[in-house]
Structure formats: structure tokens, C-alpha cells
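# Return atomic coordinates for the entry below.
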Amino acid sequence: MRIVAGQFKGRPIQAPKTDATRPTSDRARESLFNMIAHADWAPPLEGARILDLFAGSGALGFEALSRGGSFCVFVETAHAAMTVLRKNLAALGVGDTGKTQRRSAADLGEMPAALGAKFDIAFLDPPYKKRLVEPCLKSLIEGGWLVPDALVVVETAVDEAPGFDAWELVAERESGAAKFWFLKRA
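You can find the predicted model right below:
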């Protein structure tokens with residue numbers, strides 16, 4: 001797996017060697033970030049504060065940092081994934097612009113003040129078919145993690161159709177077995 005574009009283009013990143021994570025493919029990430037870069041409903045990546053929930057390898061967050069994101073918090077609970085995230089942070093030299101948080105994305109709680117300003121873009125890539133999307137979206141709102149016009153990108157299996165109460169679906173796109181849903185607060 002590698003970073004597709006930007007400052008770290010071509011740089012490899014590790015993925016946890018476990019079946020518990022399913023990294024977003026290079027091709028799907030390229031399509032996803034090209035869509036964000038050219039959409040009038042998406043905030044600019046340049047200078048954006050990013051949340052990577054169910055981060056796994058951190059591929060989405062690292063891609064965002066590579067393309068100009070200013071700061072990323074990688075949220076993960078799995079020990080193996082946290083170990084790999086920290087290795088990837090060190091290998092890319094982004095320890096000052098990327099932080100890990102070991103917590104449940106479905107129960108984030110209040111955003112810690114130490115993390116600074118709220119986030120512009122959140123990537124939500126939960127295990128498929130576990131019904132985690134709705135509680136995660138609710139947790140983002142209740143914990144005050146996002147700026148009012150934030151973009152949330154949800155990845156699900158193609159045949160999943162989660163509910164998006166309190167959110168406006170601004171776009172969707174399929175990529176192989178994955179489907180990306182692009183949401184803004186309603």
C-alpha cells in the first residue's frame with residue numbers, strides 16, 4: 001500500500017497483519033480524493049483538520065495529510081492497528097501533524113480541548129455490516145468534533161444502506177466492493 005498523491009506520493013505505508021482491518025485500496029483512495037478535490041460541496045483539503053475514524057493503517061488520514069491537510073487525528077481501538085499507525089506516523093515524519101487516539105469511534109465523547117480546533121473532514125470506515133455508522137455520526141455531533149460545514153465521508157459495503165438522520169447526502173460513489181457516502185449536516 002502506498003500514498004497516491006501529494007507530498008508523500010509513492011511512499012509506502014504498512015497495514016496491520018490481521019483480518020480485523022480492511023485498508024481502502026490505492027485506487028479507491030485516488031478516486032475518493034479526486035472527487036473531494038473537485039467538488040464544490042467539499043471543503044478544501046489544503047489546511048483542513050482531518051479525523052480518520054476506524055483508522056486501521058491510517059491510509060485515508062495519511063493521504064489527506066499528503067494532499068495538504070494540516071492535522072489529522074487517527075482514532076482506533078485495535079492494538080495491532082495502533083502499533084502500525086505509530087510506525088506509519090514515524091516513517092512519514094508527521095508526528096507533529098498526526099496524533100493517535102485510542103477510543104471507540106461509536107462513543108467518542110466530548111472532543112478533548114488539547115486537540116485544538118474542530119475538524120473539517122471526517123473519514124468513517126467501520127467494519128462492514130456491523131451497524132456502526134449511525135452511532136458514529138451521532139457521536140461526532142454530540143461530542144462537538146466537527147465544524148458546522150464539515151464533510152463526513154462514510155465507507156460501507158456496496159450493499160449496505162445506513163441511515164443518515166440529521167445529515168444531507170451530497171454525493172455517493174461505488175468503488176469495487178466499497179461505497180462512499182459524502183455527508184454534510186442537514
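# Do you know the pLDDT at the residue nearest the centre of the chain?
The residue lying closest to the centre of the chain (C-alpha atoms, centre = their mean) is residue 123, at 2.5 Å. In this prediction, residue 123 carries a pLDDT score of 97.
# Secondary structure element holding it?
Element membership of residue 123, judged by DSSP states H and E, is strand 119-124.
# CA-only coordinates of that strand, as CSV, when you get a sec.
In CSV, the C-alpha atoms belonging to strand 119-124 read as follows (Å, rounded to 0.1, in the frame of the first residue of the first chain):
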residue,chain,number,x,y,z
PHE,A,119,-12.4,19.1,12.4
ASP,A,120,-13.3,20.0,8.7
ILE,A,121,-13.3,16.5,7.3
ALA,A,122,-14.0,13.1,8.9
PHE,A,123,-13.4,9.7,7.3
LEU,A,124,-15.5,7.0,8.8
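# tell me which strands and helices that strand is in contact with?
Contacts defined by 3 or more C-beta pairs under 8 Å, 6 or more residues apart in numbering; DSSP states H and E place strand 119-124 against strand 49-53, helix 59-66, helix 133-142, strand 146-157. To be clear about C-beta, it is placed using only N, CA and C from the backbone, and glycine gets the same treatment.
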